[in-house]
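Q: Build me a model from this:
(one chain, ligands or ions: 1)
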Amino acid sequence: SSVGDCSLALAGLRGCVSQSEPCYAGPFFKEVKRDEREEEDERSGSDSVINEGIIFYNEKIQPVDSEYKEGREYILSEFIKEGSYGEVHSAQDVNTGFKFAVKKIAMKRFNSEEVGAWSTLRSPCVAELFGVVREGPYVLLFMDLKAGSLGQLIMQRGRLPEDLGLHYQLQILTALEYLAKKKVVHLDIKADNVLLSEDGRDACLCDFGHAERLDNGGQSLSGSKDLKGSETHMAPEIVKGEPRGAKADVWSSCCMFLHMLSGCQPWTRYYSCRLYLKIASDPPPLREIPPNCSHLTFEVLKAGLQKDPAKRSSASSLKEKTARALEEVGGLVSPVKGPYAEPLYFP
Ligand SMILES: Oc1ccc(F)cc1Nc1nc(-c2ccncc2)cs1
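A: A predicted model of the protein is given here:
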């Protein structure tokens, strides 16, 4: 269901924070009109501010008396980053001590698809949504706290060795293959939204703030044409406002792959102006592939950066090509933490 600027209520769960087995059954929000009392409560900040939601991950995140409030059942700690539509902080459950990540979104900026699409997903390559709670004028999304993001790793190392880049690209294409099967398109694939495990070897996708559902023909149900995601990673069909589907994420994953291999976001070495026009009119950024890359890596990027989505490889087929390219370079040999390498500012 789409949610305008009205308040949210969980069907049949109004006014409480309930625990449930992971349902992943899709959207569970319904639209209700805000009433004056609620508006007054929020203005006065009174304790009777509405607190409602669903927590899937119940043994570690525990509502008390059907409430789960910031500063009482859990405490926010350090700021992690600006996510899509809201700030991300680490947090800790007061009773269990469990640490997790929280994204706090103002109600009027909340895209219910972030929960609707995400709650249907359950895969090792996709970050797990622990729950969603409304607290007054905010919606709070809870997920697994990770050691850091691929974006941070690229900053630390300058650029990544080819085998490590192929290793991460393979995991992200596995996530995209799964999303395509679940008829979800992410629309903001970039290194900042790929989270890494403690040892840095496992990557998973997060931040479904721009996600859309796909119809049986593979086209976005939302029909919206607004530009979503990060400009440097936008697919040609997105910047042209044409119908978009799962192939848009494949293009973005290859922009992220270029970012890993060169240390620079694509297009930014050549253009500083609005990139939309260049992405629509220029040939794909294959000239940004580092010259010392293996031939199979070049072929992966060529197949994933086809401007026409109909000619572009699917996540599934690009995943197979990437697995072969990784084998050809001898598999993952480079350590995750390694020496700094200057980004390739110019080819
Ligand atoms: O969309 C969300 C919904 C709920 C969340 F708790 C977080 C996000 N978004 C992001 N989270 C991170 C991150 C999380 C955990 N550790 C390191 C980084 C990076 S972007």
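Q: now the helix or strand where residue 176 lies, how far from the chain's geometric center?
A: Following DSSP states H and E, one finds residue 176 within helix 162-181. Offset of helix 162-181 from its chain centre (C-alpha atoms, centre = their mean, to the nearest Å): 13 Å.
Q: Check the burial of the nearest residue to residue 194 once chain neighbours are set aside by counting its neighbours.
A: Excluding the flanking residues, the one nearest residue 194 by C-beta to C-beta, 6 or more residues apart in numbering is residue 150, at 4.0 Å. C-beta here means a position set from N, CA and C on the backbone, and glycine is covered the same way. Residues lying near residue 150 (other C-beta atoms under 10 Å) number 24.
Q: For the longest strand seen in the chain, enumerate the helices and strands it packs against.
A: The longest strand of the chain (DSSP state E) is strand 74-83. Secondary-structure packing of strand 74-83 (3 or more C-beta pairs under 8 Å, 6 or more residues apart in numbering; DSSP states H and E): strand 86-93, strand 99-106.
Q: What pLDDT is listed against the residue nearest to residue 179 when sequence neighbours are not counted?
A: Nearest residue to residue 179 in three dimensions, chain neighbours excluded: residue 186, at 6.2 Å (C-beta to C-beta, 6+ apart). The per-residue pLDDT reported for residue 186 equals 97.
Q: Kindly report the same for residue 47.
A: Looking at residue 47, the pLDDT reads 58.
Q: Give the buried residues for stretch 340-347.
A: Buried residues in stretch 340-347, counted by 16 or more other C-beta atoms under 10 Å: 343-344.
Q: contact partners of it?
A: 156-159, 161, 262-264, 269, 287-288, 290-291 (C-beta atoms under 8 Å, 6 or more residues apart in numbering).
Q: Of the residues you listed, which is the most crowded?
A: Going by other C-beta under 10 Å, residue 262 tops these with 25 neighbours.
Q: by contact count, what packs against whichever strand or helix holds residue 300?
A: Residue 300 belongs to helix 295-304 when assigned by DSSP H and E. Contacts defined by 3+ C-beta pairs under 8 Å, 6+ apart place helix 295-304 against helix 162-181, helix 247-262, helix 315-328.
Q: got the contact list for that helix?
A: 162, 165-166, 169, 250-251, 253-254, 257-258, 261, 284, 286, 289, 312-313, 317-318, 321-322, 324-325, 328-329.
Q: roughly how far out does it sit from the chain middle?
A: With C-alpha atoms, centre = their mean, you get 24 Å for helix 295-304.
Q: near the ligand, which residues of the stretch 151-300 of the chain?
A: Proximity of the stretch 151-300 of the chain to the ligand, by C-beta under 6 Å from any ligand atom, involves residues 193, 195, 206-207, 209.
Q: 8 Å instead?
A: 192-193, 195, 206-209 (C-beta under 8 Å from any ligand atom).
Q: ok, those residues vs the ligand, which is closest?
A: residue 207 (3.7 Å; C-beta to the nearest ligand atom).
Q: so the closest one makes contact with residue 193?
A: Yes. Residue 207 lies in contact with residue 193 (C-beta atoms under 8 Å); the separation is 4.4 Å.
Q: how much space is there between residue 123 and the ligand?
A: Distance of residue 123 to the ligand, computed by C-beta to the nearest ligand atom, to the nearest Å: 16 Å.
Q: what's the burial count for that residue?
A: Close neighbours of residue 123, defined as other C-beta under 10 Å, add up to 16.
Q: so what's it closest to, chain neighbours aside?
A: Per C-beta to C-beta, 6+ apart, closest to residue 123 is residue 178, 4.7 Å.
Q: Okay, now the unreliable bits of this protein?
A: Applying pLDDT under 70 to the chain flags the ranges 1-15, 20-48, 347.
Q: returning to that earlier point: now the element after the helix holding residue 176, going C-ward?
A: That would be, after helix 162-181 and using DSSP H and E, strand 184-185.
Q: Please tabulate the helices and strands packed on strand 74-83 in JSON lines, including the columns distance to residue 69.
A: Output for those, formatted as JSON lines (distance: least, C-beta to C-beta, whole Å):
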{"stretch": "strand 86-93", "distance to residue 69": "12"}
{"stretch": "strand 99-106", "distance to residue 69": "12"}
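Q: would you turn those into CSV with distance to the ligand and mean neighbour count?
A: Converted to CSV, those look like this (distance: least, C-beta to the nearest ligand atom, whole Å; neighbours: other C-beta atoms under 10 Å):
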stretch, distance to the ligand, mean neighbour count
strand 86-93, 4, 18
strand 99-106, 3, 19
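Q: So for residue 274, which of those strands sits nearest?
A: Of all the helices and strands packed on strand 74-83, strand 86-93 sits nearest to residue 274, with 25.7 Å by C-beta to C-beta.
Q: Next, the angle from the closest one to strand 99-106.
A: 140 degrees (axes from the mean of the first three to the mean of the last three C-alpha atoms, to 10 degrees).
Q: returning to what we had before: who are the contact partners of the residue nearest to residue 194?
A: 168, 191-192, 194-196, 203, 256, 260.
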